[in-house]
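Visitor: what follows is a protein structure lacking sequence information:
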């Protein structure tokens, strides 16, 4: 092997390179964090103050905007709706998806290849392709404009990813454990429920976290499948709030609403970021 | 450990969410409910709540469940498709009334029009309207849509500022340009004109007024009915040129192109510009932001002495607004709601609270009309009743969208006046060739407003 | 093991997922194929089949081509910029060139956690020429006569790309860092023995192993980019004058605003064909190259 030894950066020296890099990182860090910080403290300002001076810290830190967003703008309702829909979806999706993944990984039966690749193929189709027929399908099932409808659709759309990650996961669990279970007298379902599933916790966590984030923030399917205002999820609520602001010029509530939307996921991440990063590594390595 | 806490927390929140989820208020009201969904915008929602209260007063056994949304049509459309629409509806933006009619979504209101008016039993409901305002909502001889306001559009000016500087309200376009120049020279950073740049449809009011004043009623009819070549006429090119000229001469406040309507209007209220185009909803929309003592007055878009349209003609319209969906649970209650909402009593309340005029005879007598609104009514009088209103924006949604887009590009100097009319004519052609587009071949008589009415 | 060959049990486990999947994914997609050949207003179940009529209309529709161009523009720009930036950041962090790496790792990831809707609203404010932070920031430096960021067609497009990049980089940075940390040290030691400096060991050890990952990134971004909806709809609503219209927003407009469900599905079909071809293409290209040690 031959190495070229005229690299300019090597000449610049360790120190110079580090300084430039540091500056770049800090600048980008500001670009990432500042808008959110700005959003946060602006939410404490009344609207006219916002128009007067965009940057400045609030004269008084008032919670009025938050109260208004939570009650009048109904962000509170939407928060609970989102929570309900997201966790329900998670439960359904993980249960159904893990069963399927377990079977595809550990059982042998004719046609399982088609099923497996069939599931995976779902990840390649854009949501938009099916959205019109999906709307009418859901309508004919009587599930339109209901949380239940949204949950089953979300769960269905989440299956390909779930199967993708969990099948690989289950494959790594040694067959010996299954054999031990059988010897202990486990039936099919007991084996799955009591033994294999707990072992798949890391995989479940990975899928769970990704799914939680994507459902919590999901917009287009909720937009199409829900129409009653009391059922809205948070992204929908924020979007409507933004439309209302066009006419009522009360940006304060909109800002506060945005903060309420963003805060939970950010806080969870900061607290759990080790697990999440680990989960991503798992996904990266296995995928 | 941390994750265990998170899981427990999540589980707890999940259980709570079963109880705290959004409640369907309508269901809580029981069986006898009339539901109305209305566009929530410049007029606010108070007038809706007032009419709901009146309805419940007149019919104590029925609950009125009314709500508003800025994108009422977008948000409620799925319900129409699902077959459970509200009992009475008003939406703007992307709604195509006539297509809805074609699809059988709209109930005919003939029976309603024959019913005695609320509070005026000696007249039928239909007779209580200004002459000519019902036609725009009719199709094939039947009434389907009812108007919400008698809207007057023009250029609003800051009266206080005008008085202070001794500026005169221009009558012709040349005088207008001279005024703009004068304002510009005044120097203290006041721009002559601003507009709601993000929504070119507002400036469209100025543009279309120019077209009318140059080409007259005949041109307006031709454009509205998609006559071949109508959209490529020289008057349109001239009006486009004049529009761009305002930018070229630096009469428009900088930054205008990005202002939303509320931003532009707010900035105008703050005195950074002297004039702004808008309709009679302006005062009501900005009511919370009006500086103390701010006086606004309207002027028609100045015209041309040698033009085919009157110099002082002003845009006035009563566009279709309210309708009762065919599949509503209680269409008869929906109609009753309209009968009450558009009664003389509530129309007077509308003028007082909202500022704009509803086209109900006598309402202007019963109510205290605000100076701003009065100036609009006076302008109609001054024009000898010559008002105009383009119908294409109601009839041809895609043409209207293209008009907005192309006008925005024109004002941005992204396209030339020639290219502008090219695009418009191309879209008109596209619609002419499209067998699915519902065509309107004749213009109903313009909404005529006599002195008696006002 | 006997348990594993019990086909009935195997199928039973798979069944619920299969039912969900087939009902809500497969059936709609299959129906979409049919609907794209029809005109349908959605009011009743009456479809008028027009053969290739919708496709003809689509090819002659200037708005369609504009939306396609925009979508491709956003996707390609994002697909190129994000991996490069993520690469730079991940290498800098793993090479210990920055202080506070852990802080950056955490914060750079924030945008990925937030709803695209929230991001759109946030940047809609921040890019407001009057009271948005960007304009005010530039004014601090004395810059006047700033463009109307989202009101100007060219700037609006650039802003959409910038926001998309902002929202995506963090994720890939973290991913690459995990990958780099997974490279065994032996390779670096071997390179050092051969006299390699910082840059060279990057170029000859780190990069080849990462390039695999970067290719996957590009593919992923390409496939996802074509579905851009939330951001555009909220931040610019396709404007000004359709300068930021994407295929997805155009589909939505046709379906749910104009009531042209058949035509909307046809456009969606074209979207599918594009993404599918890209996916196949990338699979094929990936097969040809495999990093060998």
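Guide: That came through, no problem. No experiment lies behind these values; they were computed from the predicted model shown.
Visitor: what residues does residue 150 make contact with?
Guide: No chain specified, so I'll use chain A. In this structure, residue A:150 makes contact with A:85, A:221, A:222, A:225, A:226, A:233, judged by Cβ atoms under 8 Å, 6 or more residues apart in numbering or on different chains. Placement of C-beta: from N, CA and C, glycine included.
Visitor: hm, I was asking about chain B
Guide: Going by Cβ under 8 Å, 6+ apart, residue B:150 touches B:130, B:133, B:316, B:317, B:318, B:356, B:357, B:358, B:359, B:447, B:449.
Visitor: burial count for the third one?
Guide: Residues contacting residue B:316 under the criterion other Cβ atoms under 10 Å in any protein chain shown number 32.
Visitor: isn't it right next to residue B:389, touching?
Guide: Yes: the pair residue B:316 / residue B:389 is scored as a contact, 6.4 Å apart, by Cβ atoms under 8 Å.
Visitor: re earlier: just among the contacts of residue A:150, which is most surrounded?
Guide: Highest neighbour count within the contacts of residue A:150: residue A:233, with 29 neighbours (other Cβ under 10 Å).
Visitor: what's the closest non-adjacent residue to the closest residue to chain B within the stretch 1-150 of chain C?
Guide: For the stretch 1-150 of chain C, the residue closest to chain B is residue C:148, as judged by Cβ to the nearest Cβ, at 3.5 Å. Leaving aside its sequence neighbours, residue C:148 sits nearest to residue B:258 (Cβ to Cβ, 6 or more residues apart in numbering or on different chains; 3.5 Å).
Visitor: again, but for residue B:268
Guide: Counting by Cβ to Cβ, 6+ apart, residue B:276 is the residue found nearest to residue B:268 once chain neighbours are left out, at 4.4 Å.
Visitor: quick one on the thing from earlier: quick check: the residue of the stretch 1-150 of chain C closest to chain B is in a helix.
Guide: No: read with DSSP: H, G, I helix; E, B strand; the rest coil, residue C:148 is coil and lies in no helix.
Visitor: give the contact list for it.
Guide: If you count contacts by Cβ under 8 Å, 6+ apart, residue C:148 has them with B:197, B:255, B:257, B:258, C:129, C:155.
Visitor: among those, which ones are in strands?
Guide: Among the contacts of residue C:148, DSSP state E puts none in strands.
Visitor: and those, which of them are in helices?
Guide: Under the assignment DSSP state H, the contacts of residue C:148 contribute residue C:155 to helices.
Visitor: just name the closest of the contacts of residue C:148 to chain A, please.
Guide: residue C:129 (11.1 Å).
Visitor: give me the low-pLDDT residue ranges for chain C?
Guide: In the predicted model of chain C, residues C:1-3, C:43-45, C:196-199, C:201-202, C:286-293 satisfy pLDDT under 70.
Visitor: out of the contacts of residue C:148, which is most surrounded?
Guide: Most neighbours among the contacts of residue C:148, by other Cβ under 10 Å: residue B:197, with 25 neighbours.
Visitor: right, and it touches residue B:261 too?
Guide: No: the criterion here is Cβ under 8 Å, and residue B:197 misses it with residue B:261 at 9.2 Å.
Visitor: after the host helix or strand of residue C:125, which helix or strand is next?
Guide: Secondary structure here is read from DSSP states H and E; on that basis residue C:125 sits in helix C:116-126. Downstream of helix C:116-126, the next assigned helix or strand under DSSP H and E is helix C:133-140.
Visitor: how distant is that following helix from the center of its chain?
Guide: Relative to its chain's centre, helix C:133-140 lies at 29 Å (Cα atoms, centre = their mean, to the nearest Å).
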